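Participant: What follows is a predicted structure for the sequence shown.
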Amino acid sequence: MTDSNVDKVIIDFFAALKELGELRRRYDDLIGNGYLHLAKTRYSMGAGSVSRLQYDTSMTASVLINVHSGSDKEGLVSFAHAQPDDYQFTEGATETKLRRRLVDGKPVETVGQSTSEPPKSSVRDPLRWFGLLVPPSLRTAQKNFKEAVEISCQLASAQARVKHYRNQYLSLIANK
């Protein structure tokens with residue numbers, strides 16, 4: 001519990017706090033620019049062309065966020081994103097619903113077979129919902145929002161580091 005330990009924790013705390021501030025500014029810029037480009041797209045295509053009416057009714061997530069506790073010395077929470085294709089199903093076999101089938105012209109009740117493989121994900125590019133030739137501003141908005149998701153993961157990790165260093169500092173001060 002020397003003063004050098006406290007000094008090191010304080011330096012680490014302020015470095016993490018600086019990183020958190022930079023990430024928040026970057027995140028705010030990305031979200032703001034994303035909405036600005038989305039507004040430009042609505043202006044150029046018409047307000048009714050970019051709305052909820054064009055959304056696919058069977059939307060699936062294009063990005064999954066995995067949250068897990070770190071195994072490093074600090075015990076921090078780390079965040080990472082993975083594509084849905086990388087997602088591993090850990091549940092047991094899935095079973096399909098009951099179906100009525102016609103065998104030789106007669107209806108037969110059958111129970112679906114259980115499978116060990118998850119259903120294939122059909123994630124499409126959401127820009128295709130708005131046509132094949134979309135304005136560049138819509139592509140830029142999508143790029144900004146995708147990058148904002150990545151930054152939000154880094155932001156959550158930085159926030160956890162700041163909280164860790166604060167708790168470490170308080171425990172060092174209490175032990176003095």
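Facilitator: Received it, and whenever you're ready, just let me know what you need.

Participant: Show me the contact partners of stretch 18-33.
Facilitator: Here stretch 18-33 makes contact (CB atoms under 8 Å, 6 or more residues apart in numbering) with 140-141, 144-145, 147-148, 151-152, 154-155, 158-159, 161-162. From N, CA and C alone the C-beta is placed, and that goes for glycine too.

Participant: typed the wrong thing, it's stretch 167-176
Facilitator: For stretch 167-176, contacts defined as CB under 8 Å, 6+ apart pick out 1, 5-6, 9-10, 13.

Participant: residues of that stretch that come out buried?
Facilitator: By 16 or more other CB atoms under 10 Å, the buried positions in stretch 167-176 come out as 168-169, 172.

Participant: would you turn the contacts of stretch 18-33 into CSV with pLDDT, neighbour count and secondary structure?
Facilitator: Shown next, in CSV, are those (pLDDT from 0 to 100; neighbours: other CB atoms under 10 Å; DSSP: H, G, I helix; E, B strand; the rest coil):
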residue, pLDDT, neighbour count, secondary structure
T140, 95, 17, helix
A141, 94, 23, helix
N144, 96, 19, helix
F145, 93, 17, helix
E147, 93, 17, helix
A148, 94, 19, helix
I151, 90, 19, helix
S152, 89, 17, helix
Q154, 87, 18, helix
L155, 90, 19, helix
A158, 90, 22, helix
Q159, 90, 16, helix
R161, 89, 21, helix
V162, 93, 20, helix
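
Participant: on that earlier part again, restricted to helices, list the buried residues of stretch 167-176.
Facilitator: 168-169, 172 (DSSP state H).

Participant: Reformat the residues you listed as TSV; add pLDDT and distance to T60.
Facilitator: Converted to TSV, those look like this (pLDDT from 0 to 100; distance: CB to CB, whole Å):
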residue	pLDDT	distance to T60
Q168	92	41
Y169	93	43
L172	90	47
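
Participant: where does N66 land in three-state SS?
Facilitator: Here N66 is strand, with the state taken from DSSP: H, G, I helix; E, B strand; the rest coil.

Participant: G131: which of the contacts of stretch 18-33 is nearest?
Facilitator: The closest of the contacts of stretch 18-33 to G131 turns out to be A141 (CB to CB; 15.0 Å).

Participant: How many residues are close by V50?
Facilitator: Using other CB atoms under 10 Å, V50 is surrounded by 21 other residues.

Participant: you'd agree T57 is in a helix?
Facilitator: No - counting by three-state DSSP, one finds T57 to be coil, located in no helix.

Participant: distance of Y169 from P136?
Facilitator: 48 Å (CB to CB, to the nearest Å).
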